[in-house]
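Asks: sequence and predicted structure are below.
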Amino acid sequence: MAFPISRPRRLRRNETLRRMVRETRLTPDDLIQPYFVCPGRGVNRQVGAMPGVAQMSVENALRAARETHAAGVPAIILFGIPQYKDAQGSEAWDDNGPVQRAIREIKEHVPGLAVITDVCMCEYTDHGHCGVIVGNDVDNDATLELLVREALSHVRAGADMVAPSDMMDGRVAAIRAALDNENFSHIPILAYSAKFASAFYGPFREAAESAPQFGDRRSYQMDPPNGDEAMREIALDLDEGADIVMVKPALPYLDLIYRAKHEFNVPIAAYNVSGEYSMIRAAGINGWLDEERATMEMLTAIKRAGADLILTYFATQVAQRLR
């Protein structure tokens with residue numbers, strides 16, 4: 001029916017009507033809060049490029065975990081900053097490292113909060129790349145063993161889920177086999193399956209102290225123009241045993257979130273990455289836009305595209321708003 005019989009504005013007249021016919025609903029259960037955990041005590045070091053985000057020592061991470069859980073967010077993801085770095089990133093599997101200690105503390109004191117851990121070498125290596133360097137490149141197969149050691153260390157500490165973010169070929173299969181062999185077959189894997197070599201990671205590299213010391217990551221992270229390849233990467237990770245697959249970043253790749261949901265019909269995660277967060281925060285601080293409305297619009301768009309889970313630095317404050 002055409003105008004004047006059809007008038008779509010009728011259902012937009014007030015907030016009650018708009019809420020009644022709303023098609024996409026964002027809830028705290030959709031969100032995962034990232035934390036950066038570092039050595040020491042009493043550390044709450046603000047990240048300059050990410051206002052409101054900090055590197056935290058374990059006791060402060062526990063305090064933040066309590067706040068996140070109280071807001072209704074079901075899960076966090078931990079990134080570690082080591083005391084020392086070396087060529088292999090050996091502190092990644094140190095059972096007394098910041099991530100491992102944070103896992104134990106959070107699971108003891110906030111047992112209802114799911115703890116996911118990022119599994120990658122870039123924060124731990126002195127060269128800032130995601131694996132073993134041979135020549136001037138990352139050796140894919142040599143890196144798999146290190147990722148397995150890191151994942152097992154996290155799970156032994158009590159992690160509920162591991163999330164390999166390195167983009168090495170075969171890493172999901174290697175981690176799945178290792179977990180199963182160690183009687184951790186119940187532990188799910190959230191795979192960073194379609195992770196692009198993006199300019200939007202800049203603020204994260206300050207937060208995680210993980211900038212490459214030479215070259216870049218384009219030989220292992222995906223080329224941004226490639227959508228079909230992203231679907232192949234997701235299919236491979238699912239075949240290797242991934243339980244949840246991720247598209248990263250979120251905003252420039254909403255089309256791929258949509259495609260992945262419709263092509264695979266499995267749980268899809270999307271990472272609302274540091275650059276996306278920092279753009280909104282900077283614009284809000286400067287009064288260039290309404291930060292609260294822009295945040296809600298952005299996260300709703302990510303969910304509308306098909307994401308079941310959204311990793312976002314806004315998670316706790318948005319959940320407090322939604323409750």
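Replies: Ah, there it is.
Asks: all contacts plus neighbour counts: C-alpha atoms, from now on.
Replies: Will do.
Asks: ok, which stretches of the stretch 201-323 of the chain are strands?
Replies: In the stretch 201-323 of the chain, the strands defined using DSSP state E, counting those that start in this stretch lie at 244-248, 268-272, 309-312.
Asks: could I get those as CSV with distance to M279 and mean pLDDT?
Replies: Formatted as CSV, those follow (distance: least, Cα to Cα, whole Å; pLDDT from 0 to 100):
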stretch, distance to M279, mean pLDDT
strand 244-248, 16, 98
strand 268-272, 11, 98
strand 309-312, 13, 98
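Asks: I'd like to know which of those lies nearest to M298.
Replies: Of all these, strand 268-272 sits nearest to M298, with 9.0 Å by Cα to Cα.
Asks: check which helices and strands the lengthiest helix in the chain sits against.
Replies: Ranked by number of residues, the top helix in the chain under DSSP state H is helix 140-157. Helix 140-157 is packed against helix 98-109, strand 114-119, strand 132-134, strand 161-164, helix 171-181, with contacts defined by 3 or more Cα pairs under 8 Å, 6 or more residues apart in numbering; DSSP states H and E.
Asks: ok, E59 to A65 distance?
Replies: Here the criterion is Cα to Cα, to the nearest Å. By it, E59 lies 10 Å from A65.
Asks: and the two? Which one has more around it.
Replies: Using other Cα atoms under 10 Å as the criterion, E59 and A65 rank with A65 on top: 26 against 19.
Asks: which residues touch the more buried one?
Replies: Contacts for A65 (Cα atoms under 8 Å, 6 or more residues apart in numbering) come out as I76, I106, V110, L113.
Asks: wait, doesn't the second one sit right on L62?
Replies: Yes - checked against Cα atoms under 8 Å, the pair I106 and L62 is within contact range at 5.7 Å.
Asks: still on that earlier bit, nearest to E209 among the contacts of A65?
Replies: E209 lies nearest to I76 out of the contacts of A65, by Cα to Cα, at 19.6 Å.
Asks: make sure that closest one is indeed in a strand.
Replies: Yes - assessed with DSSP: H, G, I helix; E, B strand; the rest coil, I76 lies in a strand.
Asks: could you check how far it is from F36?
Replies: For I76, the distance to F36 (Cα to Cα) stands at 11 Å.
Asks: again with P98
Replies: 9 Å.
Asks: need the residues touching each of those two.
Replies: Counting by Cα under 8 Å, 6+ apart, the common neighbours of P98 and F36 are G80, I81.
Asks: neighbour count for the two, which is higher?
Replies: P98 (26 against 23).
Asks: OK, contacts around the more buried one?
Replies: V37, C38, P39, S57, V58, G80, I81, P82.
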